[in-house]
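**Q** what would the 3D arrangement of this be:
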Amino acid sequence: MRTVVSVQTSLVCGSIERWGSEEQKQRWLPGLTSGESFGCFGLTEPDTGSDAAALRTRAEKVDGGWRISGQKMWISLGNVAEVALIFAQTEPERKHRGLACFLVPTASEGFTPHEIHGKLGLRASDTAEIALDAVEVGDDALMGEVGDGFKIAMSALDSGRYSVASGCVGICQGCVEASVAYSTERKQFGVPLASFQLVQEMIADMIVRRDAARMLVRRAGLLKDASEPSTVETSIAKLYATESAVECANLAIQVHGGSGYVDDYPVERYLRDARVTTLYEGTSQIQKLIIGRDATGINAMVPPG
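**A** Reported below is the predicted structural model:
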């Protein structure tokens with residue numbers, strides 16, 4: 001559910017609302033915001049993750065529009081979306097200044113999604129690999145201007161990171177609730193598990209992480225609501241909340257013992273679903289580089305050359 005809400009609102013609708021033309025908004029937003037249709041966000045590629053400026057997908061200018069060819073990977077909702085935000089390079093020598101974003105109807109000839117199987121978590125969430133074989137779109141599919149693609153992607157990821165962080169507060173909360181319920185009901189040595197000090201320590205650690213993550217998310221949210229810069233605060237919230245979700249889920253399994261390792265209880269799923277949050281919308285390491293760049297004024301994302 002969180003994946004659907006995050007992709008649909010933070011990545012797709014938010015980008016169209018901010019960067020799209022009036023015609024693009026009228027065409028796509030009514031169906032997307034009502035939930036009658038889905039959208040997906042086509043940025044990541046098989047060989048390109050964090051380095052968004054190195055996209056291999058190409059957009060070639062043709063009469064009346066563009067021809068797009070390439071591949072996208074790990075695209076949530078890619079098999080069910082009606083429109084895809086496809087990021088493509090128009091002038092490779094210009095790197096990020098040559099990136100463009102296109103609103104591509106998924107029914108277009110040459111647009112072929114394939115379902116990705118075997119995921120550790122998010123098993124109820126659709127994930128696709130997308131092949132773009134000379135997909136042709138009109139000039140009206142270009143969102144913003146050529147060269148705006150990088151800014152569109154970064155602003156969308158800023159919103160997506162906030163959504164991921166918020167969802168991870170929920171995972172932490174679920175871990176606390178499940179662990180409190182189990183430890184107060186399950187007995188060992190004639191007393192509830194919660195009677196043991198080290199069990200209470202694990203629960204306390206989860207609560208502290210949950211509350212700290214919630215406050216960091218709230219701080220970023222207040223800045224967003226006030227339309228103030230919040231990139232760094234969002235990265236801090238995303239880094240802490242996602243890592244905390246993994247840690248809380250791990251602790252919750254420990255509280256449950258062997259029962260936590262099977263699907264009789266929800267905590268094993270919490271761990272599987274939490275793990276990916278430290279990867280997408282920018283890995284934990286990327287968040288640290290954003291925070292470090294703000295603190296030092298030095299961009300360490302690009303290797304010194």
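**Q** contacts, neighbours, all on C-alpha from now
**A** Noted.
**Q** contact partners for Met1?
**A** Ser125 (CA atoms under 8 Å, 6 or more residues apart in numbering).
**Q** should've said Thr3
**A** Thr3 neighbours (CA under 8 Å, 6+ apart): Ser76, Ser125.
**Q** do you know how far it is from Ala153?
**A** 17 Å (CA to CA, to the nearest Å).
**Q** same check on Glu228?
**A** Distance from Glu228 to Ala153, by CA to CA: 19 Å.
**Q** neighbour-wise, which of the two wins?
**A** Ala153 (21 against 11; other CA atoms under 10 Å).
**Q** residues in contact with whichever strand or helix holds Glu268?
**A** Counting by DSSP states H and E, the element that carries Glu268 is helix 267-275. Under the criterion CA under 8 Å, 6+ apart, residues 120-122, 168, 171, 175, 178, 242, 245-246, 249-250, 252-253, 260-263 lie in contact with helix 267-275.
**Q** can you select the buried ones among the residues you listed for me in ChimeraX?
**A** This is how ChimeraX selects the buried members of the contacts of helix 267-275, with burial counted by 16 or more other CA atoms under 10 Å:
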select :121,122,168,171,175,178,242,245,246,249,250,252,253,260
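**Q** got the domain ranges for the chain?
**A** 2-144, 152-296 (automatic domain parsing).
**Q** how about the helix or strand bottoming out on mean pLDDT in the chain: buried residues?
**A** Least confident helix or strand of the chain, by mean pLDDT, DSSP states H and E, is helix 2-5 with a mean of 89. By 16+ other CA under 10 Å, the buried positions in helix 2-5 come out as Thr3, Val4.
**Q** quick check: longest helix in the protein by residues?
**A** helix 149-185 (DSSP state H).
**Q** may I see the buried residues of that one?
**A** Residues of helix 149-185 classed as buried: 149-153, 155-176, 178-180, 182-183 (neighbour count, 16+ other CA under 10 Å).
**Q** one more: stretch 80-98?
**A** In stretch 80-98, counting by 16+ other CA under 10 Å, buried: 80-92, 95-98.
**Q** stretch 14-32 now?
**A** Counting neighbours by 16+ other CA under 10 Å, stretch 14-32 gives Gly14, Ser15, Ile16, Glu17, Trp19, Gly20, Ser21, Gln24, Trp28, Leu29, Leu32 as buried.
**Q** could you verify my assumption that the fifth one touches Met143?
**A** Yes - contact criterion CA atoms under 8 Å: Trp19 and Met143 qualify, at 6.4 Å.
**Q** local confidence estimate at the nearest residue to Arg2 once chain neighbours are set aside?
**A** Spatially, and ignoring its direct neighbours in sequence, Arg2 is nearest to Gly167 (6.4 Å; CA to CA, 6 or more residues apart in numbering). Note on Gly167: pLDDT of 95.
**Q** next one: Gly305
**A** 62.
**Q** contacts only, for Arg67.
**A** Per CA under 8 Å, 6+ apart, neighbours of Arg67: Ala59, Glu60, Lys61, Ala134, Val135, Glu136, Val137.
**Q** of the residues you listed, grab the buried ones for ChimeraX.
**A** Buried members of the contacts of Arg67, defined by 16+ other CA under 10 Å, are picked up in ChimeraX with:
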select :59,134,135,136,137
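**Q** reformat the contacts of Arg67 as a markdown table; add secondary structure.
**A** What follows is the contacts of Arg67, written out as a markdown table (DSSP: H, G, I helix; E, B strand; the rest coil):
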| residue | secondary structure |
| --- | --- |
| Ala59 | strand |
| Glu60 | strand |
| Lys61 | strand |
| Ala134 | strand |
| Val135 | strand |
| Glu136 | strand |
| Val137 | strand |
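**Q** now the contacts of Arg67 as TSV including pLDDT and distance to Arg269?
**A** Listed next are these as TSV, based on pLDDT from 0 to 100; distance: CA to CA, whole Å:
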residue	pLDDT	distance to Arg269
Ala59	96	40
Glu60	96	43
Lys61	95	46
Ala134	96	40
Val135	97	38
Glu136	97	41
Val137	97	41
